[in-house]
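[1] model the structure of this input:
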Amino acid sequence: MHDDRTLVEARLERVLGERIRPAVYPESVPLEVAVWHAPGEPVPVAEGLAAEPEPVEVGARWGAPWGTSWFRVTGTVPEAWAGRTVEAVLDLGFDENMPGFQCEGLVYRPDGTPVKGLNPRNQWVRVGAPAEGGEEVRLHIEAASNPVILGYRPFVPTPLGDKETAGGAPQYTLARMDLAVFDENVWQLVIDLEVLGELMAELPADAPRRFEILRAVDEALDAVDLQDVNGTAEWARSRLTEVLSAPAVPSAHRISAVGHAHIDSAWLWPLRETVRKVARTTAGMTALLDDEPEFVFAMSQAQQWAWVKEHRPEVWARVKEAVAGGRFVPAGGMWVESDTNMPGSEAMARQFVHGKRFFLDEFGIENDEAWLPDTFGFAAGLPQIIKAAGSRYLLTQKISWSRTNKFPHHTFRWEGIDGTRIFTHFPPVDTYNCSMRGAEIAHAVRNFKDKGAARHSLAPTGWGDGGGGTTREMVAKAARLRDLEGSATVTWETPSAFFAKAEAEYPEPPVWVGELYLELHRATLTSQAGTKQGNRRSEHLLREAELWAATAAVRTGFPYPHEELDRIWKTVLLHQFHDILPGSSIAWVHREARATYARIAAELNGVIDSAQRALAGEGTVPLVFNAAPHTRAGVPAGGARPADLEGRTTLDARPGGGHVLDNGLLRIGIDARGLVVSVHDVEADRETIAPGRAGNLLQLHPDLPNMWDAWDVDAFYRNTVTDLTGADEVTAGPDGASVRIVRSFGGSRVVQVLTLPPGERRLVVDTEVDWHETEKFLKLAFPLDLHAERYASETQFGHFFRPTHTNTSWEAAKFEACNHRFVHLQEPDWGVAVVNDSTYGHDVTRTVRTDGDGGTTTTVRVSLLRAPRFPDPETDQGVHRFRHALVPGASLGDAVREGWRINLPERRLTGAGEVAPLVTADRDAVVITAVKLADDGSGDVVVRFHEAHGARARATLTTGFATTGVEVTDLLERPLAETQAPPLDGDRITVRLRPFQLMTLRLKRA
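    Next comes the predicted model:
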């Protein structure tokens, strides 16, 4: 037989596109359309429905950027259509390639009942099959004219990302507003041919199954009368029955399809628009569930569920009903799909506390899985947090985006820093927007790394990012792929059902130890410094507010602000979403974030001040309140008393120019350029700065990545660097313990103050940058005379080691990495820490000196600022303030302590006398991360702590109040029945911890 594959395949493409798909709607009549453009921000549904619209014609321009237009469409079903299926086809000006990224709509009936969402891949509304013609149709569309930010030419700077700069020009052209006959037979033929055509294209060219499909498709096309597609569609479908009925082979890969609409809580749209995106998607998915009895839809992010409940009660009622039916499934158990690299220990824990509690309170449902398909890498501390929240599984597909190394597994156990292992799955379909195309299904099968040991994978199915969800076409394709020769089998299942099967099938999968590093999007550790500072400061203010409010509540009856703290925590958690905290959203999002963080700071400072004043009482005793978990200047952790002040700092001229700071512990040499050329550890008699090098060196790089401007920094940025050594001023500070340096470069100005506090082994570096650069990357470098093959970075509830070398491509790819409050390097008997108050990105490199002593220079560089132009063309422009400290001679314990110190400065009041801590630990290695009252309002005190040095620890906790009982709990403060409570002896509790183990205790008050 001659090979006619290309001929038949080309025939299929043309006939399907030009004749069969257009015949799905063989007859149509126009609807009458009127529109009311809401002034300003979106209005309540009732107001939009009641507004008086003006007539408008198809072809009219509409929709200023970020505007809302209420369309009213009316019409009459023709008499001749009686008994036929009728749909409204509503095209607002859609581009089918941009679902979720342009205009959208939510359809309502006149009584305010939501019908479904409209988007470029979902433009229909079923009217019905009226027994008689003449039925009146009246629908309302709340249409959002969201501008296209990420267009066909991507990453182009645009003012459209903020309503304050977007202008008012209409964005869209009204394209089609019709009533139409829907031909079910033709639509089913389209799906048949698409499934078979897509499957055929993925089969080997010499596979018999491919030719069986080819012949059947050719026969079906022969059966189609191109002048009467509707009259011959059923006959054409009959030619495909046999080939569609052939069952899959017994060894076929098995895909669990989960209906999905990954909705970014903010990204190329503001938070307020996400509220509406969620409403559109959930309305559409509840309607699809009604139509498709096998379909299952899962939605993560409790915040988005809460938005529907608060803002769209009419949609919420349908969602609750669908959840009760078991096929609309809460997923993930987190408040949002957050970043997991940068959130602190408590914040990461609270993501699960608030997420899981919402689903428990609303539906009585507890999630077993963490669902994070699009998060930009995963910190090594996360497995323990997942387990402590009562969950067992993790799903993500984002690591498939790595550009250097291919991850070796799709199903595995992920081991965190404390040894906790979590059963983890990466969907081999490599997308969270699967549409059931044959290419996607075939890719999942070919790509699956665990063949021979496992056969199950998951496919999140539906349009996402901007929402939309699963379509009826996807459901129809999945039905044909349920058991089809040549394909993987596809079954709709809940995430929990998939994980149960996958774990039962593969109980001992391979183990991956340590962080899941995404070899992409490294610049998200630095972009939008104001958002990152707001997050870090909010986390620590929340610690203080809970600590002092709980202490004051127990000691003085101070009213503990449960509702206020709950609300603020949820706001902070929302802003840890993986496109807000990472700095990859439009200008509008970050402008609002900065304002939100300022309000949070004012509110929390008010709580802290009120609680401390209640504790201090009336008096003139100077008190220092210490919220850090370690004693500081004689002030106990979590207590207040007068501080013990010791030592003094001298400031002298340096020979050759510059200044010398000396406090008897450290001697700091600062040259005439304002660079630190010597940091001498007096006790160890050791120099910190590498010979011939200088610390406190600001370095400026060009920074234009190949794509994803706010997200990426590419390795070639390091090829070009400018050392900012010129100084406008280098002057002694008025306090006698500091030096002030002023530098100018480009359009920017930097003011630094270097301070050596009396009696302390740390050089504090305060940096103020008035930043006006474009596509530049600013780093702060400390070249250290230290040989270390690895260094420690703080992560949630501990630290994680990374190599300083680049032996393999895996290590070389980590040229920009995340830390929380510190990085630490050490030789066996001496180390150095660099601590920070608000930065996350850094790099550590090492070289061997070819002149002089041949020693090793290990350079730590802190990432300060970037200036990408997409999606926010004004990223980080303006004034920023950072604080860092260099800590020579530091052990890991010193690094932990100094990291807390720089983030929790003392607060000073006068009062009646000392304030004893509510709870203390007698070992520095045991770090208390939270002291609070129980969320249930019982008055119990909840204490969370962990081992922070990476070694086993035995510690005694002492309570400063009468305690009648102690329970070990999970993060949600529920008793762990299988865990024996530590012994309580009066006010003392003895605990034993593994390296990095976290523990939560609930203490009953007398």
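
[2] all helices for the stretch 551-700 of the chain, in order.
    Remark: helices assigned in the stretch 551-700 of the chain by DSSP state H, counting those that start in this stretch are 562-574, 587-616.

[3] export the first one to CSV, keeping only CA atoms.
    Extracted C-alpha coordinates of helix 562-574, given in CSV (Å, rounded to 0.1, in the frame of the first residue of the first chain):
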residue,chain,number,x,y,z
HIS,A,562,-7.7,37.1,68.4
GLU,A,563,-9.8,38.5,65.5
GLU,A,564,-7.3,41.3,64.7
LEU,A,565,-4.4,38.9,64.6
ASP,A,566,-6.3,36.4,62.5
ARG,A,567,-7.2,39.0,59.9
ILE,A,568,-3.6,40.4,59.7
TRP,A,569,-2.1,36.9,59.4
LYS,A,570,-4.4,36.1,56.5
THR,A,571,-3.4,39.4,54.8
VAL,A,572,0.3,38.6,55.2
LEU,A,573,-0.2,35.1,54.0
LEU,A,574,-2.1,36.4,50.9
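
[4] got CSV for the helices of the stretch 551-700 of the chain, with mean neighbour count too?
    Bear in mind the C-beta positions are built from the backbone N, C-alpha and C, glycine included. Output for the helices of the stretch 551-700 of the chain, formatted as CSV (neighbours: other CB atoms under 10 Å):
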stretch, mean neighbour count
helix 562-574, 18
helix 587-616, 19
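
[5] in TSV: those helices, plus mean pLDDT and distance to Asp851.
    Converted to TSV, those look like this (pLDDT from 0 to 100; distance: least, CB to CB, whole Å):
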stretch	mean pLDDT	distance to Asp851
helix 562-574	98	50
helix 587-616	98	46
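
[6] closest one to Gly798 among the ones you listed?
    helix 562-574 (21.2 Å; CB to CB).

[7] next one: the closest one to chain centre, how far?
    In this view, helix 562-574 has its centroid 18 Å away from the chain centroid, taken as CA atoms, centre = their mean, to the nearest Å.

[8] can you check stretch 845-859 too?
    Distance, centroid of stretch 845-859 to centroid of chain: 39 Å (CA atoms, centre = their mean).

[9] in the protein, which residue is closest to the centre?
    By CA atoms, centre = their mean, the chain has its centre lying nearest to His578, at 2.1 Å.

[10] right, and the helix or strand after the helix or strand containing Arg743?
    In this structure, Arg743 sits in strand 738-745 according to DSSP states H and E. Downstream of strand 738-745, the next assigned helix or strand under DSSP H and E is strand 748-755.

[11] now the angle from that next one to strand 738-745?
    Counting by axes from the mean of the first three to the mean of the last three CA atoms, to 10 degrees, strand 748-755 lies at 170 degrees to strand 738-745.

[12] residues in contact with strand 748-755: which ones?
    661, 668, 670, 674, 676, 696, 698, 724, 733, 735, 737-744, 763-773 (CB atoms under 8 Å, 6 or more residues apart in numbering).

[13] check those residues for burial and list the buried ones.
    661, 668, 670, 674, 676, 696, 698, 724, 737-741, 743, 763-767, 769, 771, 773 (16 or more other CB atoms under 10 Å).

[14] what about those residues, which are in strands?
    Among those, DSSP state E puts 661, 668, 670, 676, 698, 724, 738-741, 743, 763-767, 769, 771 in strands.

[15] what sits against the closest residue to Gly798 other than its chain neighbours?
    For Gly798, ignoring the flanking residues on the chain, the nearest one in space by CB to CB, 6 or more residues apart in numbering is Phe996 at 3.7 Å. Neighbouring residues of Phe996 by CB under 8 Å, 6+ apart: 381, 384, 417-418, 797-798, 946-948, 950.

[16] just send the residues you listed back as a markdown table, with pLDDT and distance to Pro30 too.
    Shown next, in a markdown table, are the contacts of Phe996 (pLDDT from 0 to 100; distance: CB to CB, whole Å):
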| residue | pLDDT | distance to Pro30 |
| --- | --- | --- |
| Gly381 | 98 | 59 |
| Gln384 | 98 | 61 |
| Ile417 | 98 | 64 |
| Asp418 | 98 | 65 |
| Phe797 | 98 | 62 |
| Gly798 | 98 | 65 |
| His946 | 98 | 66 |
| Glu947 | 98 | 71 |
| Ala948 | 98 | 69 |
| Gly950 | 98 | 71 |
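
[17] please produce TSV containing those residues, extended by secondary structure, neighbour count and distance to Leu909.
    Shown next, in TSV, are the contacts of Phe996 (DSSP: H, G, I helix; E, B strand; the rest coil; neighbours: other CB atoms under 10 Å; distance: CB to CB, whole Å):
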residue	secondary structure	neighbour count	distance to Leu909
Gly381	coil	26	35
Gln384	helix	27	37
Ile417	coil	25	38
Asp418	coil	22	38
Phe797	coil	30	31
Gly798	strand	26	33
His946	strand	25	30
Glu947	strand	25	33
Ala948	coil	30	29
Gly950	coil	18	36
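
[18] would you list those in CSV and tack on distance to Trp124?
    Below are these laid out as CSV (distance: CB to CB, whole Å):
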residue, distance to Trp124
Gly381, 47
Gln384, 47
Ile417, 51
Asp418, 52
Phe797, 50
Gly798, 53
His946, 54
Glu947, 58
Ala948, 57
Gly950, 59
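
[19] return the member of those nearest to Leu786.
    Gly950 (19.3 Å).

[20] ramachandran angles for the closest residue to the closest one other than its chain neighbours?
    In space, Gly950 comes closest to Pro995 once its chain neighbours are excluded; the distance is 4.8 Å by CB to CB, 6+ apart. Note on Pro995: its backbone torsions stand at phi -50, psi 130 [degrees, to the nearest 10].

[21] ok, now how distant is Pro995 from His946?
    As defined by CB to CB, to the nearest Å, Pro995 lies at a distance of 10 Å from His946.

[22] what of Ala261?
    36 Å.

[23] just Val753 next, same as before
    Counting by CB to CB - Val753 and His946 are separated by 34 Å.

[24] for Asp924, same thing?
    For Asp924 relative to His946 (CB to CB), the value is 13 Å.

[25] shouldn't Phe782 be in contact with Ala885?
    No: look at Phe782 against Ala885 with CB atoms under 8 Å: they stay out of range, at 10.7 Å.

[26] so what sits against both of these two?
    Going by CB under 8 Å, 6+ apart, residues that sit against Phe782 and also against Ala885 are Val834.

[27] quote the end-to-end distance of stretch 457-470.
    End-to-end distance of stretch 457-470: 18 Å, with CA to CA, to the nearest Å as the criterion.

[28] I meant stretch 175-192, not that one.
    For stretch 175-192, the end-to-end distance is 28 Å (CA to CA).

[29] quick one: the strands in the stretch 101-250 of the chain, in order.
    Taking DSSP state E, counting those that start in this stretch as the criterion, the stretch 101-250 of the chain contains strands spanning 104-108, 114-118, 124-128, 136-145, 172-173, 176-181.

[30] export the third one as PDB, just CAs?
    Extracted C-alpha coordinates of strand 124-128, given in PDB (Å, rounded to 0.1, in the frame of the first residue of the first chain):
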ATOM      1  CA  TRP A 124     -21.400  29.600  25.000                       C
ATOM      2  CA  VAL A 125     -24.400  29.600  27.300                       C
ATOM      3  CA  ARG A 126     -27.000  26.900  26.900                       C
ATOM      4  CA  VAL A 127     -30.500  28.300  26.500                       C
ATOM      5  CA  GLY A 128     -32.200  24.900  26.200                       C
END
